[in-house]
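[1] my questions concern the predicted model and sequence given below.
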Amino acid sequence: MRNLKSIWVVCLAVSVAAITAWSATGRDWYTKFQVVEVREMAVDPDDPFAGTGLYDGTTKTEVESRDEFRLGLLPAGGGKYLISVSTIVLPPWAALVALWLLGLRRRQSRMPNQPSRRMNR
């Protein structure tokens, strides 16, 4: 029983660490190693296409990608994207549940078969 409590503490610590890392890296749903952002930018007046009406107004869309790690709640695919909060947290909790169930089964097997007691009056 003492071992189960220490495993429970480890599971809780792993969960808190994973959720803290998720929060610190941007709180994304999926794990990313490259962040792609689409931004609206003002049209440069020196742009040769600005006067042609190509941008339909005063803004144009620019796509920026940069290498940045963001831990997600779910994995985004195979390979290096497999790491996520769920893949970090679920194995220790699954081991805890398995050990708890094994302990319950052992306790039940140790209990002697007790005949039912009937009151004789």
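    Nice, thanks for sending it over. Numbers count the residues shown, from 1 in each chain.
[2] give the buried residues for stretch 74-88.
    Using 16 or more other Cβ atoms under 10 Å as the test for burial, stretch 74-88 gives P75, A76, I83, S84, V85, I88. For every residue, glycine as well, the C-beta is placed using N, CA and C.
[3] quick one: which of those residues sit in helices?
    V85, I88 (DSSP state H).
[4] could you tell me how far L82 is located from A94?
    Relative to A94, L82 is positioned 16 Å away (Cβ to Cβ, to the nearest Å).
[5] hang on, T25 packs against L73?
    No: assessed by Cβ atoms under 8 Å, T25 is found out of contact with L73, at 11.2 Å.
[6] point out where the protein drops to low pLDDT.
    Of all residues in the chain, those with pLDDT under 70 make up the ranges 1, 55-58, 112-121.
[7] can you do 80?
    1-3, 42-61, 77-81, 107-108, 110-121 (pLDDT under 80).
[8] how about the helices of it, start to end?
    Here the chain has its helices, by DSSP H, at 2-24, 85-110.
[9] quick one: list the elements packing against the shortest one.
    This points to helix 2-24. helix 85-110 (3 or more Cβ pairs under 8 Å, 6 or more residues apart in numbering; DSSP states H and E).
[10] helices or strands next to the helix it packs on in the packing?
    Right, helix 85-110 is packed against helix 2-24, strand 72-74 by 3+ Cβ pairs under 8 Å, 6+ apart.
[11] pick the most deeply packed of these.
    strand 72-74 (a mean of 16; mean count of other Cβ atoms under 10 Å).
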